[in-house]
Every structure is written in structure tokens, then in C-alpha cells.
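# build me a model:
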Amino acid sequence: MRILLIEDSAKLTDSLRLGLTKSGFDVATAADGELGLRMAQRGGYDVVVLDLMLPKLHGLELLQALRATGDAVHVLILTAMDAVEDRVRGLKAGADDYLVKPFSFDELLARLQALVRRKYGTKQTQIEVGDLVLDTAEHLARCGATDLSLTHREYRLLEFLVFRRDRTVTREEIERHLYGSAGVAMSNVVDSAICSIRGKLKKAGGRALIHTRPRLGYVLAEEAP
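Numbers count the residues shown, from 1 in each chain. Predicted structure coming up:
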């Protein structure tokens, strides 16, 4: 899950990036509104966490510019502006959630996870596909009664596929999710990770769920397409 954090406090940015990364998120950051808008417009993020009192471009202006182009990315405003009218303005401008500083990190994490689930059309923290169970709150996966020992990268890849179950995704989409817009020039990294996940599912006695679509990519489904 990819987060764009637009926040001008370096101390808060470093703290949130560390906590969110440990919680399984891939975090990109911007320290002013103009850069944040450009990064948000490039896309590829599951949630944008947006401060309002930003240099160069106010957070509300940034949000309005995003919504004016039809961009539907989920936005959580994170700000010290705590008046009711501030919250109303933020939500009317197109924010999906509003959290006031100071805040509990656990609450922020729960709200982000809820927004990601909403994006992919599920309200459950545990998603089942055949005998695979993915726990998006704990960032764990199991097959039947066996926990899958996945690396951080493997979990993120499997989660990416589970959220897009029954839909073919390309290697380029997977690379962009794992490594951001810059990508990584490693032709076999996705194939190797897929092979490893398949092996761990098989070792746990699970069915083959990740199917190759020649010249297209991969699809996670209970039945081969």
C-alpha cells in the first residue's frame, strides 16, 4: 500500500515515515504544496495524507486542484486546524477523512487501513481467496492453518494481487507498486517474487492461486482464467 505524505514538518515526516514503513506501507513524502500536488497528480498512491498549512500551496488549494481533474485518490487531512468549520471545509473540498493534531498513531494507522479497504471495495480486514487468508491489519498471510513466512516485498506483492483478485495486472504495474514511479531495472524481480510466493503456498498445501497470463502479466484467482 502506497502513501503520499504531504507535510512540512521534517520531524513529523521522519516519525510518520518510520512508523508507517514498519506497518507495511510504502511512503513517499513532499514538504510543500506545489511538490505534493505534482507527486499526487502522477498517481499510484492508495492514500494521500495531507497537511493544510503548507508552504507554496495551501492544502485546501491542493485538494481542490486534485478534485478538479477528477482524481479520486483517497485523501486524509492531518492538521492542527481543529475548528468545526475547518473540518467542514476540508470534507466539502473532497477529503475522505480528517484527523486533528496531536493524534494517536494507532488511530491514524486504523484510518489509513480503512481508506485502503474502501478503495478496493472491502470492509473486512481479513480477505479470503480459496484457502488463502490475508490479514491486512496485521500484514500476515496464512494458508489453511499454516502461516506463510513472507518477506516484506512478498507480502506487499501478494496484497497487491489480492486487492485486485480476478484482474490481470502487468509486471509494470507490480514494479510501480513495489518501487514507485522510478521503477527498478531488474527484469526478473517480479517473476522471482511470484515464484517464491507460489512455492510457499504449495508448501503450505494451498491451491495454485497466482496464474500467469502469457504476454499480459498475472492474475490471482481461485480458478485459472
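# hmm, who's touching the helix or strand bottoming out on mean pLDDT in the chain?
One helix or strand of the chain scores below all others by mean pLDDT, DSSP states H and E: helix 171-179, with a mean of 80. Applying Cβ atoms under 8 Å, 6 or more residues apart in numbering, the external contacts of helix 171-179 come out as 2, 26, 44, 153, 156-157, 160, 183-184, 189-191, 217-218. Every residue, glycine included, has its C-beta placed from N, CA and C.
# mind listing what's buried in it?
By 16 or more other Cβ atoms under 10 Å, the buried positions in helix 171-179 come out as Arg171, Glu173, Ile174, Glu175, Arg176, His177, Leu178.
# turn those into a markdown table, columns for distance to Thr136.
Output for the buried residues of helix 171-179, formatted as a markdown table (distance: Cβ to Cβ, whole Å):
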| residue | distance to Thr136 |
| --- | --- |
| Arg171 | 23 |
| Glu173 | 19 |
| Ile174 | 18 |
| Glu175 | 22 |
| Arg176 | 20 |
| His177 | 15 |
| Leu178 | 17 |
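# nearest to Leu76, of those residues?
Checking the buried residues of helix 171-179 against Leu76 by Cβ to Cβ gives His177 as the nearest, at 19.8 Å.
# for this structure, what spans make up the strands?
Counting by DSSP state E, the chain has strands at residues 2-6, 26-30, 47-50, 74-79, 97-100, 126-129, 132-135, 140-143, 146-147, 210-213, 217-220.
# could the ones you listed be laid out in CSV, adding mean neighbour count and distance to Arg89?
Converted to CSV, the strands of the chain look like this (neighbours: other Cβ atoms under 10 Å; distance: least, Cβ to Cβ, whole Å):
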stretch, mean neighbour count, distance to Arg89
strand 2-6, 24, 17
strand 26-30, 20, 22
strand 47-50, 26, 13
strand 74-79, 23, 10
strand 97-100, 18, 10
strand 126-129, 15, 35
strand 132-135, 19, 36
strand 140-143, 19, 39
strand 146-147, 14, 45
strand 210-213, 15, 45
strand 217-220, 20, 41
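# in terms of mean pLDDT, which of those ranks lowest?
When the strands of the chain are compared by mean pLDDT, strand 126-129 comes last with a mean of 87.
# what's that one packed up against?
Secondary-structure packing of strand 126-129 (3 or more Cβ pairs under 8 Å, 6 or more residues apart in numbering; DSSP states H and E): strand 132-135, helix 152-163.
# would CSV of the ones you listed with distance to Thr125 be doable?
Formatted as CSV, the helices and strands packed on strand 126-129 follow (distance: least, Cβ to Cβ, whole Å):
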stretch, distance to Thr125
strand 132-135, 6
helix 152-163, 12
